[in-house]
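[1] show me how the following folds:
(one chain, ligands or ions: 1)
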Amino acid sequence: MHVIMTTDTTITPDACRGFFCTFQKADLFRRCLVLVFAAVFMAFGLAACKNDKQKTRDTIRFAVVADPHLYDTALGASGPDFESYVQDQVKMTAQSEAVFIEAARMIMEMEPKPAFLLIPGDLTKDGEEESHRLMADHLHRIKDSGIAVFVVPGNHDIDNPEAAAYGGFGSVPVYSPKAGEFADIYAPFGYDQAIYRDRHSLSYIAEPAAGLWLFAIDACRYEENTDLHVIGGLLKAETLEWLLIHLEEAREKGKTVIAMMHHGLVEHLIGHGAFIPEALIEDWDAIGRKLASAGMNVIFTGHYHTQNITRRRWDPETFIVEIQTGSLVNYPVPLRVVDFDMGKAEMDVQSLFVKDIPREQYPDEFCCFAAFAKDFSYTHKRDFAVTQLTDRYDLTPAEIEWFATMLTDATMAHFAGDEAMPIEVLLEIFDHYNSGNPDVAEIAQILISLYSDLPPQDNDAVIRLKP
Ligand SMILES: [Fe+2]
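    As a prediction, the model looks like this:
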């Protein structure tokens, strides 16, 4: 049986295979509760640390947006196939350009202005050439305002067989650029600035500020696409070796290192790597440890569409902090601004949210875009929960309604970050876990996992990059 509520891959049942097998372990429930409470404690501890922050001359500001999934609506945004796509994918595809324009405005008008912008992949809906050209036009405007832009591809962006135009009564395939064409389109946004490029992927290394090396990593598997694109990530052995060589060089030259990649490198909730394997690159734990040992201590990612920051520590000297940013086409429509004090090796990470776009972009019944975005996510996630609960569990209609609400609330909290389980939910879970019904016990475990926010805080946090 499968149920699952999150990620870019949330909506496709095959994105969560193995979930329940993994959750059969008897001690997991206790571990989950311990981590839920540990996360709450850590959140308070880190909040207390934020008050003593001081900016110095070594501080550089940059912005991050993730998974904008821009779609050129000139390709068509109507008809049953488009409606079905939006329903299945839970992405505000019709509003994607308006949202990106507003996010870009917020970044360009920030004071002080960011030196650069990172976009770790899924630049487009499904890799349509027209959407890539449109994205490049918008990035040129950001660059012309004095903010450098660095991108890497996401799983949706390259040679995607699902690239389509919509109109009238159906959809038709459209061209999706190959890897070399992607690098050409985005040449001004990383590939022309690269001091090194990997021969085996679209990874590169740039120096966006004096003394700061950006490792921009491509772990997408577009070469394996068939009639569907490959969702999961894989870091090729050659690319890993290339990264380790240049991390050593960075260490010898005294460079500060940051990284970005589309796919995740660190688990963001209990059992993440096992029940949603496509969220993380393959062999993520071993590879993460190697990269952390070589001096990569922070990585910016997207893919999973949630606001999440997690620190994984293998030993006191070996750790990595993954700062994952939610998608611009999903609630809560976030972007991040980072003030990085390289001298103190300390990042002050703040989250901002797109709150409004032009009125004609969303239905009249909503007071504002923020209300529409929340309702859009909630409604689609709840519909999905009802379908999954109905198809996969032996529950009464009343139980389906009740669990659908619980699961949808938990998923919304997980997407927004800094999730904390309400005490009444915890008490209900205790009751259900001991009900003797294995289906109900499994759903209780899913709820615990969705609320298990691993430390540190997800939206606003001070990240120390020294052991
Ligand atoms: Fe995505």
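
[2] just the CA coordinates for stretch 110-120, please, in CSV.
    Extracted in CSV, the C-alpha atoms of stretch 110-120 (Å, rounded to 0.1, in the frame of the first residue of the first chain):
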residue,chain,number,x,y,z
MET,A,110,16.1,44.4,-2.0
GLU,A,111,18.3,46.7,0.1
PRO,A,112,21.1,46.0,0.1
LYS,A,113,20.9,44.4,-3.3
PRO,A,114,22.0,40.8,-3.6
ALA,A,115,25.3,40.2,-5.5
PHE,A,116,23.9,37.1,-7.1
LEU,A,117,20.9,34.8,-7.5
LEU,A,118,21.0,31.0,-7.3
ILE,A,119,18.3,28.9,-9.1
PRO,A,120,18.9,25.1,-8.4
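
[3] buried residues, that stretch. List them.
    Buried residues in stretch 110-120, counted by 16 or more other CB atoms under 10 Å: 114-120. Backbone N, C-alpha and C define where each C-beta goes, glycine included.

[4] got TSV for these, with secondary structure and distance to Ala183 too?
    Below are the buried residues of stretch 110-120 laid out as TSV (DSSP: H, G, I helix; E, B strand; the rest coil; distance: CB to CB, whole Å):
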residue	secondary structure	distance to Ala183
Pro114	coil	24
Ala115	coil	23
Phe116	strand	18
Leu117	strand	18
Leu118	strand	17
Ile119	strand	15
Pro120	strand	16
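
[5] most widely separated two among those residues?
    Pairwise distances across the buried residues of stretch 110-120 (CB to CB) peak at 17.1 Å, for the pair Ala115 and Pro120.

[6] for Thr306, grab phi and psi.
    phi -120, psi 160 (degrees, to the nearest 10).

[7] how many other residues sit next to it?
    By the measure other CB atoms under 10 Å, the count of residues near Thr306 is 28.

[8] and what of Asp58?
    Using other CB under 10 Å, Asp58 has 14 neighbouring residues.

[9] likewise for Glu399?
    Other residues within reach of Glu399, judged by other CB under 10 Å, total 17.

[10] the ion: which of the buried residues of stretch 110-120 is nearest?
    Top of the list for closeness to the ion, among these and by CB to the ion, is Pro120 at 10.0 Å.

[11] for the stretch 351-467 of the chain, which residue gets nearest to the ion?
    In the stretch 351-467 of the chain, the residue found nearest to the ion is Phe415; the distance is 12.6 Å by CB to the ion.

[12] how about residues contacting stretch 197-204?
    Around stretch 197-204, the neighbours that count as contacts under CB atoms under 8 Å, 6 or more residues apart in numbering are 152-153, 158, 179, 182-183, 190-191, 194, 196, 205, 215-220, 236, 238-239, 242-243.

[13] so which residue is dead centre in this protein?
    Geometric centre of the chain, nearest residue: Gly302, 2.7 Å, by CA atoms, centre = their mean.

[14] okay, it: pLDDT?
    Looking at Gly302, its pLDDT stands at 98.

[15] show me where the chain dips below the pLDDT cut-off.
    For the chain, the stretches with pLDDT under 70 are 1-57.

[16] in the longest helix anywhere in it, what counts as buried?
    Using DSSP state H, we find that the single longest helix of the chain is helix 369-392. Buried residues in helix 369-392, counted by 16+ other CB under 10 Å: 369-370, 372-374, 376-377, 380-382, 384-386, 388-389, 392.

[17] got the residues of the stretch 101-250 of the chain near the ion?
    Proximity of the stretch 101-250 of the chain to the ion is confined to Asp122 under the rule CB under 5 Å from the ion.

[18] same thing but at 6 Å, please
    Neighbours of the ion within the stretch 101-250 of the chain, by CB under 6 Å from the ion: 122, 154.

[19] just the helices in the stretch 101-250 of the chain please.
    Under the criterion DSSP state H, counting those that start in this stretch, the stretch 101-250 of the chain contains helices at 129-144, 179-185, 237-252.

[20] after the last one, which helix or strand is next?
    Scanning the chain past helix 237-252 towards its C-terminal end, the next helix or strand to appear is strand 256-261 (assignment: DSSP states H and E).

[21] for that following strand, packing partners?
    Using 3 or more CB pairs under 8 Å, 6 or more residues apart in numbering; DSSP states H and E, the elements in contact with strand 256-261 are strand 116-120, strand 148-152, strand 212-217, strand 298-301.

[22] that strand near the ion anywhere?
    No - shown here: strand 256-261 not in contact with the ion (CB under 6 Å from the ion), separated by at least 13.1 Å.

[23] returning to what we had before: please tabulate the helices and strands packed on strand 256-261 in JSON lines, including the columns distance to Lys255.
    JSON lines is the format used below for the helices and strands packed on strand 256-261 (distance: least, CB to CB, whole Å):
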{"stretch": "strand 116-120", "distance to Lys255": "16"}
{"stretch": "strand 148-152", "distance to Lys255": "16"}
{"stretch": "strand 212-217", "distance to Lys255": "4"}
{"stretch": "strand 298-301", "distance to Lys255": "14"}
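
[24] what angle separates whichever strand or helix holds Ala398 from helix 369-392?
    When elements are defined using DSSP H and E, Ala398 is found to belong to helix 397-416. In terms of direction (axes from the mean of the first three to the mean of the last three CA atoms, to 10 degrees), helix 397-416 departs from helix 369-392 by 130 degrees.

[25] what packs against helix 397-416?
    Packing partners of helix 397-416 (3+ CB pairs under 8 Å, 6+ apart): helix 369-392, helix 423-433, helix 438-450.

[26] mind listing residues that contact that helix?
    3, 5-6, 269, 305-307, 326, 330-332, 374, 377-378, 381-382, 385-386, 389-390, 393, 395, 419-421, 425, 428, 440, 443, 446-447, 450-451, 453, 459.

[27] mind running it again at 6 Å?
    For helix 397-416, the surrounding residues in contact (CB atoms under 6 Å, 6 or more residues apart in numbering) are 5, 306, 331-332, 381-382, 385-386, 389-390, 419, 443, 447, 450-451.

[28] Glu252: how many residues sit nearby?
    For Glu252, using other CB under 10 Å, the count is 8.

[29] next up, the contacts around it.
    By CB under 6 Å, 6+ apart, Glu252 lies in contact with nothing.

[30] and the helix holding Ala398, what's buried?
    399-400, 403-404, 406-416.

[31] using PDB, write out the CA atom coordinates for stretch 205-217.
    C-alpha atoms of stretch 205-217 as PDB (Å, rounded to 0.1, in the frame of the first residue of the first chain):
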ATOM      1  CA  ILE A 205      32.400  25.900 -10.700                       C
ATOM      2  CA  ALA A 206      32.200  29.700 -10.600                       C
ATOM      3  CA  GLU A 207      33.500  32.400  -8.300                       C
ATOM      4  CA  PRO A 208      30.500  34.700  -7.800                       C
ATOM      5  CA  ALA A 209      32.400  36.800  -5.300                       C
ATOM      6  CA  ALA A 210      36.100  37.200  -4.500                       C
ATOM      7  CA  GLY A 211      37.200  34.100  -2.500                       C
ATOM      8  CA  LEU A 212      33.900  32.300  -2.900                       C
ATOM      9  CA  TRP A 213      33.600  29.200  -5.100                       C
ATOM     10  CA  LEU A 214      30.200  28.000  -6.100                       C
ATOM     11  CA  PHE A 215      30.000  24.300  -7.000                       C
ATOM     12  CA  ALA A 216      26.900  24.100  -9.300                       C
ATOM     13  CA  ILE A 217      26.100  20.400  -9.500                       C
END
